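Student: Any chance you can model this:
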Amino acid sequence: MRRSLNPLKGHMTLQARSILGGVAVAATLAVGSASAQTTYPNVKLTGRLQEQFYYFDNEPYAATVGPKDNFFTRRARIEARGQISENVVVYIQPSFEGGRNLSNVVTTCTGTPLVCRTTGRSGLRLRDAWIDVRFSPEASKGALYLRAGQEKRPYSRYELTSSNNLPSIERGAGQGLVARGSNDLFAANGFLSHDVGASLRYEYKVDDTRLVTLKVGAYNGQGESLNDVNNKKSFGARATAGIYSKLDIGGSWFAHDGIVTVGGTPDSAFTNYAWGFDAQWGKVGDEGLYVLGEYLDGNDATAAKNKIRGIQGLAAYNYRFKSPTSWLYAIEPAFRVDLADPNTNAVNDRSTLITAVLGIYMSSKAQLRVAYERESFQGSVTPSISGVRSALTVNF
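Tutor: Okay, the predicted model is just below:
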C-alpha cells in the first residue's frame with residue numbers, strides 16, 4: 001500500500017535542520033572566540049643548551065686560562081615568561097651551566113653531633129629575574145615600561161644581543177683565551193652584565209620595522225644577585241633608533257659606583273664612567289647580511305681611573321637553502337675583529353682578537369659553528385694564542 005507524505009512533517013524537519021545548523025555555526029564561532037581570547041595568567045617556557053670544545057696553543061698562559069683543550073657546557077638555561085595581566089609580565093631565567101663548580105664550594109663540619117655547613121657558589125645561578133609593568137594600552141604606538149629586578153645593564157649592543165645565536169660564538173674572549181676582549185674589559189670594570197635595580201623604558205613604534213627606545217636605570221652596582229655595599233647607586237642610559245628598515249643605531253652611558261682603597265683608606269664614593277655608540281645592519285639569523293660595529297670608552301675601576309677603550313666589528317652573511325628536502329637550513333660565514341686597550345696611556349698593553357667562523361644551521365634554532373681564533377698582544381715578547389673553537393647550540 002502506498003504511503004502518503006505529510007507536508008507539514010517535511011516542513012518541520014527542514015526547519016529543525018536549519019535551527020540545528022545555526023546552533024552548530026554559533027557554537028563553532030563561540031568556541032573560536034573563546035580560544036582566541038587571552039586568559040591570565042599564562043606562562044611560556046623556553047630554553048637553550050650550548051656545548052663547546054676548544055683547542056688552543058695557550059701553554060704560556062696555562063696558570064690563567066687552564067688546559068689547552070676542553071669540552072664544556074657553555075649555557076644551560078630554562079626561561080619562564082609569565083603574562084600576569086595585560087600590562088604585567090614576569091620573567092625568570094635560572095642558569096645551570098656552572099655544573100659542579102667544586103673549587104668555589106667549601107663544606108665545614110664542626111660540633112658534637114657533627115653539623116656541616118656548605119658555603120660558596122655552586123653551578124646554579126639566577127640570571128634575568130624581573131617584573132615589567134606597561135603604563136599604556138597594548139595597541140598604542142608609544143609605551144612606557146617600569147622594570148624592577150635583575151637585568152643586564154643598558155650598555156653595549158653586542159652584550160645586549162641574545163646569546164641564543166651569536167655569530168662569533170663568544171662576545172669576548174671565551175674559555176681557553178686570556179680574558180682581554182672589549183667585552184671582558186668593560187665587564188670587569190662594572191659596565192656590563194647583570195645587576196639588580198630598576199629601570200624605565202619608553203618605546204615608540206615608528207612603523208612595522210622601526211622602533212625608537214630610551215632607557216634609564218639605577219642599579220646596586222655590585223653585579224649578579226648581589227646586595228649594595230655603600231650608600232650610592234650606579235646609573236645607566238641607552239637610546240636606540242631605527243633609521244631604516246635594516247639599520248639601527250644606538251648610544252650608551254653608564255656610571256658605575258664601588259669602593260676602592262686610596263692611601264690605605266676605603267673610598268665608598270668612587271664612581272667610574274663609560275660611554276659608547278654602535279650601529280647594526282640586519283638581524284642575527286635573518287637571511288642576508290648582518291653587520292655590527294661599536295665603540296666603547298671609559299675609565300677602569302681603580303683609584304687612578306685609567307682610560308679604557310674597546311672597538312669591535314662583526315659581519316656575517318646568512319645564505320638560506322630553498323630545498324624542502326635539504327637537512328641544511330642555512331650556512332653563515334662570519335668574521336670579527338676586536339681591539340681592546342686596558343690603559344690608553346700605557347704602551348704595549350693592547351690586544352687584538354680575530355675570529356673567523358663558519359656557521360651551519362640545521363634549523364633556525366639549531367646551529368653548529370666552527371671558528372679559528374687568534375688572540376695577539378702588543379709587545380714583541382708577549383706570545384699570541386691561536387686555535388679552534390666549536391659550538392653546538394640549540395634554543396627552544
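Student: drop to CA atoms for contacts and neighbour counts, all remaining ones
Tutor: Noted.
Student: Show me the strands in the stretch 51-200 of the chain, by range?
Tutor: 69-85, 88-95, 106-110, 115-119, 125-134, 142-152, 194-205 (DSSP state E, counting those that start in this stretch).
Student: what is the rounded mean pLDDT of the fourth one?
Tutor: Meaning strand 115-119. In this model, strand 115-119 has a mean pLDDT of 50.
Student: Repeat that for stretch 347-364.
Tutor: 96.
Student: How about stretch 206-216?
Tutor: Confidence over stretch 206-216 (mean pLDDT, whole number) is 95.
Student: and what of stretch 223-238?
Tutor: 96.
Student: And stretch 381-396, by the same measure?
Tutor: Stretch 381-396 comes out at a mean pLDDT of 95.
Student: Now do the buried residues in that stretch.
Tutor: 383-395 (16 or more other Cα atoms under 10 Å).
Student: Can you pull out the low-pLDDT segments for the stretch 101-250 of the chain?
Tutor: For the stretch 101-250 of the chain, residues meeting the criterion pLDDT under 70 lie at 101-122.
Student: give me that answer again for 80
Tutor: The model of the stretch 101-250 of the chain has pLDDT under 80 over residues 101-123.
Student: got the residue ranges for the helices in it?
Tutor: 157-160, 182-188 (DSSP state H, counting those that start in this stretch).
Student: Reformat those helices as CSV; add distance to G258 and mean neighbour count.
Tutor: Below are the helices of the stretch 101-250 of the chain laid out as CSV (distance: least, Cα to Cα, whole Å; neighbours: other Cα atoms under 10 Å):
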stretch, distance to G258, mean neighbour count
helix 157-160, 21, 18
helix 182-188, 12, 22
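Student: Burial check on K246, number of neighbours?
Tutor: By other Cα atoms under 10 Å, 14 other residues sit near K246.
Student: Next one: it from D207, what distance?
Tutor: Distance of K246 to D207, given as Cα to Cα, to the nearest Å: 12 Å.
Student: quick one: which of the helices of the stretch 101-250 of the chain is nearest A143?
Tutor: Ranking those by proximity to A143 (Cα to Cα) places helix 157-160 first, at 20.4 Å.
Student: TSV for the strands of the stretch 51-200 of the chain, including distance to Q312 and mean neighbour count?
Tutor: Formatted as TSV, the strands of the stretch 51-200 of the chain follow (distance: least, Cα to Cα, whole Å; neighbours: other Cα under 10 Å):
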stretch	distance to Q312	mean neighbour count
strand 69-85	22	17
strand 88-95	27	19
strand 106-110	39	10
strand 115-119	39	10
strand 125-134	25	19
strand 142-152	20	19
strand 194-205	21	20
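Student: Can you list the buried residues in stretch 373-380?
Tutor: Going by neighbour count (16+ other Cα under 10 Å), the buried part of stretch 373-380 is E373, R374, E375, S376, F377.
Student: Now intersect those with the strands, please.
Tutor: E373, R374, E375, S376, F377 (DSSP state E).
Student: Determine which two of those are furthest apart.
Tutor: It's E373 and F377 that sit farthest apart of those, by Cα to Cα, at 13.5 Å.
Student: Grab the nearest non-local neighbour of Q280.
Tutor: Nearest non-adjacent residue to Q280, counting by Cα to Cα, 6 or more residues apart in numbering: L292, 4.5 Å away.
Student: my guess is that neighbour contacts I311, does it?
Tutor: No - look at L292 against I311 with Cα atoms under 8 Å: they stay out of range, at 11.0 Å.
Student: returning to what we had before: distance to G176 for the strands of the stretch 51-200 of the chain - can I get that in CSV?
Tutor: Shown next, in CSV, are those (distance: least, Cα to Cα, whole Å):
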stretch, distance to G176
strand 69-85, 7
strand 88-95, 21
strand 106-110, 26
strand 115-119, 27
strand 125-134, 22
strand 142-152, 25
strand 194-205, 23
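Student: picking that back up, closest to R74 among the buried residues of stretch 373-380?
Tutor: E373 (17.2 Å).
Student: That closest one contacts V388, doesn't it?
Tutor: Yes - here E373 reaches V388: they are 6.0 Å apart, a contact under Cα under 8 Å.
Student: Give me the phi and psi angles of V206.
Tutor: phi -70, psi -50 (degrees, to the nearest 10).
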